[in-house]
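> Below are the sequence and a predicted model; questions follow.
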Number of protein chains: 2
Amino acid sequence: MIFKPAFFGSSPDLPDIPPFPASVPGNIQLDFITAHPAFAGDLNVGLEHRKMLALEPYTWFYTTTLDCAPEPGEKLWFVTEGIDYLWSLELDGETFYTHEGMFSRVELCLTDLLGDRLHPGASFAVKIHPHPMLYTAAEGRPRHRSQAAGCVKPPVAYEWDWHPRVIPSGIWDETYFETRTDAHIFDAEARYVLADDLSRADVTFSVKAAVPAEVVFRDPDGEVVFEGRSTPDMPTLRLTVADPVLWQCRGMGDPALYTYEVATSGDRKTGTVGFRRIRLVMNEGAWWEPAGFPKSRSNPPAQIELNGTKVFAKGSNYVNQEIFTGTLTREEYEGSIRAAAECNMNIFRCWGGSGVQMEDFYDLCDRWGIMLWVEFPLACNCYPDSGHYLRILEQEAAAIIRKIRRHPSLVLWCGGNELFNSWSGMTEQSLALRLLNKLTYELSPEIPFNMTSPLSGMKHGGYTFIDRESGLDPYALFGQSHATAYTEFGVPGIPSADCIRGIIPAEELFPPKPGPDSAWEAHHAFNAWGSDAWLCFPTLARFGDVSTLDAMCETSAWLQRTGYKAIFEAARRQKPYCSMAINWCWCEPWKCAVNNSLIAYPDFKKDAYYAVADSLRDVLGAAEIPKFSWSAGETMTLVPWLFNDTKKEVRGRVTIHVTFGGGFVVLGAADLEAKPLCNAKGGALSFRIPDDAAHRQRFTVTAVLETDGGEKIFNSYELVIENKEV
Amino acid sequence: MIFKPAFFGSSPDLPDIPPFPASVPGNIQLDFITAHPAFAGDLNVGLEHRKMLALEPYTWFYTTTLDCAPEPGEKLWFVTEGIDYLWSLELDGETFYTHEGMFSRVELCLTDLLGDRLHPGASFAVKIHPHPMLYTAAEGRPRHRSQAAGCVKPPVAYEWDWHPRVIPSGIWDETYFETRTDAHIFDAEARYVLADDLSRADVTFSVKAAVPAEVVFRDPDGEVVFEGRSTPDMPTLRLTVADPVLWQCRGMGDPALYTYEVATSGDRKTGTVGFRRIRLVMNEGAWWEPAGFPKSRSNPPAQIELNGTKVFAKGSNYVNQEIFTGTLTREEYEGSIRAAAECNMNIFRCWGGSGVQMEDFYDLCDRWGIMLWVEFPLACNCYPDSGHYLRILEQEAAAIIRKIRRHPSLVLWCGGNELFNSWSGMTEQSLALRLLNKLTYELSPEIPFNMTSPLSGMKHGGYTFIDRESGLDPYALFGQSHATAYTEFGVPGIPSADCIRGIIPAEELFPPKPGPDSAWEAHHAFNAWGSDAWLCFPTLARFGDVSTLDAMCETSAWLQRTGYKAIFEAARRQKPYCSMAINWCWCEPWKCAVNNSLIAYPDFKKDAYYAVADSLRDVLGAAEIPKFSWSAGETMTLVPWLFNDTKKEVRGRVTIHVTFGGGFVVLGAADLEAKPLCNAKGGALSFRIPDDAAHRQRFTVTAVLETDGGEKIFNSYELVIENKEV
């Protein structure tokens, strides 16, 4: 039986503060400020979050009274799915267990471990030590993400260009006491091998229990396909599923899940299994690069093959959607995952800087058909070859692998983010990455592993509407780019003027200004990534109205939505050489004034979300547009496309028209036939911008697809006139 | 005591042939033709080697009589360092052991294994099964290296563009019987960790023996630095060597070796230990690539850092120097390794296609200071993810690692050759390479590991004097190239007219002609790599005299020696961004009519060997020359350089002169100062080719370095005039 007693929080560093209610799972600093709103209010508002800095060096306690007395034949266990980060357990003030690492599931038999010391009314405490830091501010170095480089804790909380410096601590995932008999089921896991032609799954079902267990396996319709019995001597059952219904990602079919039930005389566990085969195969044409001598290697593969079908990965970088992950509910996870499916995505890259989520996240991705590229918690730092770090990484990575490998949504392991670029400084020789290769090979060999993103051929960036170096807009920059996979790219946008009014104090509201105590800057409008980003005021002022807060917000939203359309569709045009379009980023953990996310905290869909949903429709007519900004009298050449990410052939007519001022011009149409999973392209059409086009006038290009089935699909692009001053 | 009884060879596929003497170690097919010269003569001559094809499917036996009777307290063991490839052991006609894999050391206690069946006079046989092939000619597919892709046998013998189709079999490495008492020492190995500042080595010395053993450790001067005693319960001794004398590669210092002696009451083993720290670090400037968004990763590191010093790797690709590796002697190995040191090299890339050598090779590289990049036996094939292959690879690779990791000359593990190019088709996802990364991480983490060569930034090729695609000569092609490491590049050359006369039948001698039964073609002059290579007759005819065999051979040698100079020196000029110049290839296993090797079989130093030795001198004056071919009246611009690969600063004057026809012109000089391990470059000098320069006239550029120390070092380049026909 599971016990979840009330815990109270306290800190020896806050000696005058009486114990306060602590949420389990949750976050101890949040519990503290919830109990003491005078210390800090809503962290999303103004500079409130800075008050959390003072708490960084604190030690915390979760304390409860153990009054569950095991019956005869029972033992008392302590179980946690994750405590952040360096923690000890104390009974009546004496430490009996210490652990480093927030991703390990830990199960301890308190009865065996503590014996007579365990008594009704004992005081049980989880002590959270201060987070180990590679260096501290006391050493005279500024706070920085690299403080996290010595430990296996997601570095994002140490401050990122879209994340405030707020470092969570405490019991972040399910944690409870349990009385267990010998009939307890410790674990049950199905591993399988699919036949080459996918016609059969050979399943190895392992039960970890000290008594026999009845196992029932059901297909996605609930029909029993297998019944068996495991025993402690024969804990592994082998079953064959003929013609298994395969798990498919969104767009490729149903995310079919088999279910199992394991029951002993005194325990019962259920779970799901999705059968699918994942390969990372060479991108079309990539073997023929590079040409000529002296010759390097071909790029590594970036093409996902799911159940034998090459899938174009359309998606987003999932980052932590709360600063305090442990406070997330299944409903909040589902809202986010469902929104991705409704945005016509099929993949999340779970970015390493944010760490690993609670079980519900993976289960829901299984059910919504969202594939997951899962990174280990390394990002933008040089993680050391030291023995201590490698030992903790081995323990934590193994725990992460064992937790997530059961999920059919898992399609790729990755060591972490941008580790092979100068700002990180890791290489293939870094022992941490060699260790992660080893562990995934041993524990999850059926899933591909990349050491980092980007690898050669894959690309990250740009992150602003106008590229800083080349001065190109997204249409122009990505029109000339060549990549196997775009795994990060972004355009910043303000969510809404209302959002800004909720987080920026009235006196600073407009015009936005940078500065050490500017709420705009604290919320990432300035000096987040260079001095301009993310607001990029000069770009907004160049193309649109920035005379009021509302006008500026509209301009920002316009550039974000049109920029994202440009990039996602450019990547789709580059299929099949290009196999992935995954933008930076999906969500955000607090209210950014401006950010590249499609979803603003907590669940507000920006304009760009809807624009991306449009651009990612599996069947779509599109216009290839060479650039964003045009001038009076210039001739624009457009190419109609038919995108097809479905397994069916699609035929239809793509008509391109331009809405300019009050006018509406049909440029022409192309009758196109797109083979399954292939695009088709028509002949170029042209449009002469009127001579009287006004500076900063917006105009619209629309591609209308009328399919043979009679469906009509609209796809519009908002462009701009810039006349050179004379 | 060790017994090496006489073995006799036989084959059930040759029922009429009586047993013949078999060399152990050696090769069974060679033993057969040695005993039956009527079957095949010298394999180097004409088409004799083709007679070996018939033997491919044969089964072979090595048979001997066991008449060594162990004394009381002794047991009889069978020990082999390597038997090629699938083999069984039989006693009196009954199989008692089967093994796949030629690189595993196998030790079997026959007394324990066979018990009463072992008797004086018993017949003991090693049965060599036919090599497993992925497919056979009987299936209608042509013979090809890919037949070797299902097994861990070097693929080179299945035919390469410089290796005949002759597939060795049998006992290729030390193999014997031994009577052992309990006092036998099974193994002794020193592993160590060097302090960050290299001031201390913490050594863990492990002895595998059933009785106590006395251990003595001596420094390179023979002074005892440690004495200790291991016991079965405490088999590991820990010792600290303060201020260890470090092992250095040629050019960086002495290849210092400590020695150890382990003795029990009845056994004694000795060995060596070299202390050195190896890292593969980022090439200078490589972190700043690529520039601009969207951005990929930086290239992987290719810079060897030995004991904290960045070493420019100068060397060659070592391939098997005999078809039948097992016949090589220590003296033959030493001749080759010494020649590399005398060629001013410091590294061999032990190319994966050729497999692993006998112990002497590694020991001699330790002693001559030749660093080793060691590849596993994978090359130019797509090795499968199959369970059987991965099991054998794991066993064999672990054996290779345990054998070679003891050698300080080892500086890099590599999965194999050109696996990430289209002709192989492997990727980072190939389980074989993930397994090799895992095994080297577990067993030899102090040594870097690359999955293959080339990686991004590293380059292979070209392989002909005139690049087929660009039409550029080596000066022009490598003058414009940019690479972190050139790990293969080659220029073909005929060894000598005498060599040709020894291998090509008189009636085909000249002019050379291709054809299915042409000895020239069989010896790789035609259709080895495209129809032209390796003779490249049109190139020879373009630049030189090809009117007689002797003239053609001289022209070929000229182009090879001048081409190699161009490339090695171009790579040196690109230091420090470029960190390696390793040509294709060093030696060859039989008499090629023409090949890119510097050493012709068995030990003939081609002209190119001497030219490379000149170009690789650690301190050298050089001329940067933009191209090979010039025309009358053209102005040539040359840049003087001072190369310095030593740890000392070098100062000197580099004078450039041109010897043209009977004339001699001093173009100018530069006083240069080259910091330790750095080059220096002077100002450009120019020379106008005389108007009356004749078509195909050769001329010479010479760089003369006069060092401050008074040394005078000459370095000459042979160029050519090509006047356009009018």
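Right, received. Where do you want to start?
> Counting neighbours, which bits of stretch A:702-710 end up buried?
For stretch A:702-710, burial by neighbour count (16 or more other C-beta atoms under 10 Å in any protein chain shown) applies to A:702-707. Bear in mind the C-beta positions are built from the backbone N, C-alpha and C, glycine included.
> Keep only those of those residues that are in helices.
Helix and strand membership here follows DSSP state H; of those, not one is in helices.
> Please convert the residues you listed to CSV, extending it with pLDDT.
As requested, the buried residues of stretch A:702-710 are exported to CSV (pLDDT from 0 to 100):
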residue, pLDDT
A:T702, 98
A:A703, 98
A:V704, 98
A:L705, 98
A:E706, 98
A:T707, 97
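> Just give me the closest of the residues you listed to A:P154.
Proximity of these to A:P154 (C-beta to C-beta) peaks at A:A703, which lies at 41.0 Å.
> Show me which residues of the stretch 201-350 of chain A are close to chain B?
A:279-280, A:282, A:287-288, A:291-298, A:300-301 (C-beta under 8 Å from any C-beta of the partner chain).
> and with 6 Å instead?
Counting by C-beta under 6 Å from any C-beta of the partner chain, the stretch 201-350 of chain A comes close to chain B at A:280, A:287, A:292-298, A:300-301.
> Go ahead and report the secondary structure state at the closest residue to chain B within the stretch 551-700 of chain A.
As assessed by C-beta to the nearest C-beta, chain B sits closest to A:I567 within the stretch 551-700 of chain A, at 9.1 Å. Secondary structure assignment for A:I567 (DSSP: H, G, I helix; E, B strand; the rest coil): helix.
> how about the nearest residue to the residue nearest the centre of chain A, chain neighbours excluded?
In chain A, the centroid-proximal residue (C-alpha atoms, centre = their mean) is A:Y318; its distance is 1.8 Å. Distances taken as C-beta to C-beta, 6 or more residues apart in numbering or on different chains put A:F348 closest to A:Y318, at 3.9 Å, once the chain neighbours are dropped.
> Helix or strand: which one has the one you found?
strand A:347-350 (DSSP states H and E).
> So which elements touch that strand?
Counting contacts by 3 or more C-beta pairs under 6 Å, 6 or more residues apart in numbering or on different chains; DSSP states H and E, strand A:347-350 is packed against strand A:313-318, strand A:371-375.
> change it to 10 Å
Judged by 3 or more C-beta pairs under 10 Å, 6 or more residues apart in numbering or on different chains; DSSP states H and E, strand A:347-350 is in contact with strand A:313-318, helix A:330-342, helix A:359-368, strand A:371-375, strand A:410-414, strand A:485-488, strand A:580-583.
> Return the residues of the stretch 501-650 of chain A in contact with chain B.
Residues of the stretch 501-650 of chain A lying close to chain B by C-beta under 10 Å from any C-beta of the partner chain are A:I567.
> quick one: the strands in the stretch 501-650 of chain A?
A:580-583, A:599-600, A:604-605, A:619-624, A:629-630, A:635-644, A:650-660 (DSSP state E, counting those that start in this stretch).
> ok, and which of the ones you listed has the densest surroundings?
strand A:580-583 (a mean of 27; mean count of other C-beta atoms under 10 Å in any protein chain shown).
> and that strand, what other elements does it pack with?
So strand A:580-583, by 3+ C-beta pairs under 10 Å, 6+ apart, packs with strand A:313-318, strand A:347-350, strand A:458-460, strand A:485-488, helix A:549-573, helix A:607-615.
> pLDDT averaged over the last one, what's the number?
Think helix A:607-615. Per-region confidence: helix A:607-615 scores 98 on mean pLDDT.
> Need the strands of the stretch 501-650 of chain A in CSV (columns: distance to A:T259).
Below are those laid out as CSV (distance: least, C-beta to C-beta, whole Å):
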stretch, distance to A:T259
strand A:580-583, 31
strand A:599-600, 31
strand A:604-605, 33
strand A:619-624, 33
strand A:629-630, 55
strand A:635-644, 34
strand A:650-660, 35
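> Can you name the residues of the stretch 1-150 of chain A sitting close to chain B?
Neighbours of chain B within the stretch 1-150 of chain A, by C-beta under 10 Å from any C-beta: none found.
> Helices of the stretch 1-150 of chain A, start to end?
A:28-35, A:110-114 (DSSP state H, counting those that start in this stretch).
> out of those helices, deepest packed?
helix A:28-35 (a mean of 22).
> now, among the buried residues of stretch A:702-710, which is nearest to chain B?
A:A703 (24.5 Å).
> Could you give the bridge partners of that closest one?
Beta-bridge pairing for A:A703 (DSSP bridges): A:I656, A:N715.
> My guess is it contacts A:Y717. True?
Yes: contact criterion C-beta atoms under 10 Å: A:A703 and A:Y717 qualify, at 8.1 Å.
> Kindly state the pLDDT recorded for the closest residue to A:E624 other than its chain neighbours?
Nearest-residue entry for A:E624: A:V639, 4.0 Å, with adjacent residues in sequence omitted and distances by C-beta to C-beta, 6+ apart. For A:V639, the pLDDT comes out at 98.
> Also the one 4 residues further on?
What the model reports as pLDDT for A:F643 is 98.
> before we move on, what about the one 3 residues further on?
At A:T646, the model reports a pLDDT of 98.
> Give the burial count for it, as a bare number.
For A:T646, the neighbour count with other C-beta atoms under 10 Å in any protein chain shown is 14.
> Thought A:L677 was touching it, still the case?
Yes: in this structure A:T646 lies within contact range of A:L677 using C-beta under 10 Å: 7.2 Å.
> which residues are common contacts for those two?
Residues touching both A:T646 and A:L677 (C-beta atoms under 10 Å, 6 or more residues apart in numbering or on different chains): A:252, A:618.
> Now for A:R180: which residues touch it?
When contacts are counted by C-beta under 10 Å, 6+ apart, A:R180 touches A:1-2, A:70, A:73-77, A:79, A:107, A:109, A:111, A:186, A:210, A:266-267.
> Dig out what A:F604 forms beta bridges with.
A:A600.
> Can you give me the distance of it to A:S496?
A:F604 sits 7 Å away from A:S496, going by C-beta to C-beta, to the nearest Å.
> A:H99 now?
Distance from A:H99 to A:S496, by C-beta to C-beta: 43 Å.
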